[in-house]
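Chemist: Got a sequence here, can you model it:
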Amino acid sequence: MVFGSQCTAPQRSHDSVALDAASALRTSQVVKGIKGVGPLCALRGFDVVKQLPIDYMHCVLLGVTKRMVKLWFSSENRCHEFYVGNHTSRVDSDLSGIRPPTEITRLLGKLSKLSDWKASQYRSWLLYYAIPVLRDLLPSKYWLHAAQLASSMHTLLSESISMDALGGVQCQLKEFVTSLKICMVSITVQ
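Modeler: This is a model prediction of the structure:
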């Protein structure tokens, strides 16, 4: 899914991925992000599109979370109401004052060093830092939007999850994606 675009590409299927993989193998070129045939493609009855889990690190941390941080702090967005880049020194100060939980092994760097942040730092930002640090900076609707993602990820990363909780997360994430699409369209239009 490409947020903020009017992309109308067809959804991938096991057969379309297999064709793209064969083409990539034959031409030695990446085809629609596919570099070749993986061993799972050979498993009879295994659908590589429907049965592979979503990659949390690339999709959520280095995808959505990184994009949101860039939207909030990049000076190219200074004309948008969600822009808080003029508060980077306050955020850096707040971040340095937070004592992280023991499971955080890589401390966050300064916002001026976002280009050096790794997935584990975006994880820490999303799950532990963003919501308290941005509480009084982001307009309420954007803060609540970020809180939906953080809350959903906390639940999904739990050791166990009830079916009711899973249903709640599903609703939260649908609202999150819908809100993000609206936000991205408004950015593109402006």
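
Chemist: Helices of this structure, start to end?
Modeler: Under the criterion DSSP state H, the chain contains helices at 14-27, 56, 66-73, 88-97, 119-124, 130-134, 140-156, 163-189.

Chemist: Look at Y83 and say how many residues are nearby.
Modeler: Taking other C-beta atoms under 10 Å as the criterion, the count of residues near Y83 is 20. C-beta here means a position set from N, CA and C on the backbone, and glycine is covered the same way.

Chemist: With S16 instead?
Modeler: So S16, with other C-beta under 10 Å, has 14 neighbours.

Chemist: and it, how far is that from I161?
Modeler: Distance, S16 to I161, using C-beta to C-beta, to the nearest Å: 32 Å.

Chemist: With V177 instead?
Modeler: 20 Å.

Chemist: and if you look at Y56?
Modeler: 14 Å.

Chemist: next one: D136
Modeler: With C-beta to C-beta as the criterion, D136 and I161 are 31 Å apart.

Chemist: between the two, who's got more neighbours?
Modeler: I161 (13 against 10).

Chemist: check contacts around the closest residue to that one other than its chain neighbours.
Modeler: Excluding its sequence neighbours, the residue lying closest to I161 (C-beta to C-beta, 6 or more residues apart in numbering) is T155, at 6.2 Å. Contacts of T155 were listed using C-beta atoms under 8 Å, 6 or more residues apart in numbering, and they are 161, 165-166, 168-169.

Chemist: do that again at 10 Å, thanks
Modeler: Counting by C-beta atoms under 10 Å, 6 or more residues apart in numbering, T155 touches 161-162, 165-166, 168-169, 172.

Chemist: of the residues you listed, closest to W143?
Modeler: If you rank the contacts of T155 by distance to W143 using C-beta to C-beta, Q172 comes first, at 14.7 Å.

Chemist: Contacts only, for the closest one.
Modeler: So Q172 contacts 147-149, 151-153, 155 (C-beta under 10 Å, 6+ apart).

Chemist: close enough to count as contact, K110 and F73?
Modeler: No. Between K110 and F73 there is no contact under C-beta atoms under 10 Å: 11.1 Å.

Chemist: which residue packs closest to the residue positioned nearest the centre of the chain, ignoring adjacent ones?
Modeler: Centre of the chain computed as the mean C-alpha position; nearest residue by C-alpha atoms, centre = their mean is V64, 2.3 Å away. Nearest residue to V64, sequence neighbours excluded (C-beta to C-beta, 6+ apart): L149, at 6.8 Å.

Chemist: Please apply the same query to F82.
Modeler: Using C-beta to C-beta, 6+ apart, the closest residue to F82 is Y142 (4.5 Å).

Chemist: How much space separates that neighbour from V64?
Modeler: Going from Y142 to V64 by C-beta to C-beta gives 14 Å.

Chemist: just R90 next, same as before
Modeler: Distance from R90 to V64, by C-beta to C-beta: 24 Å.
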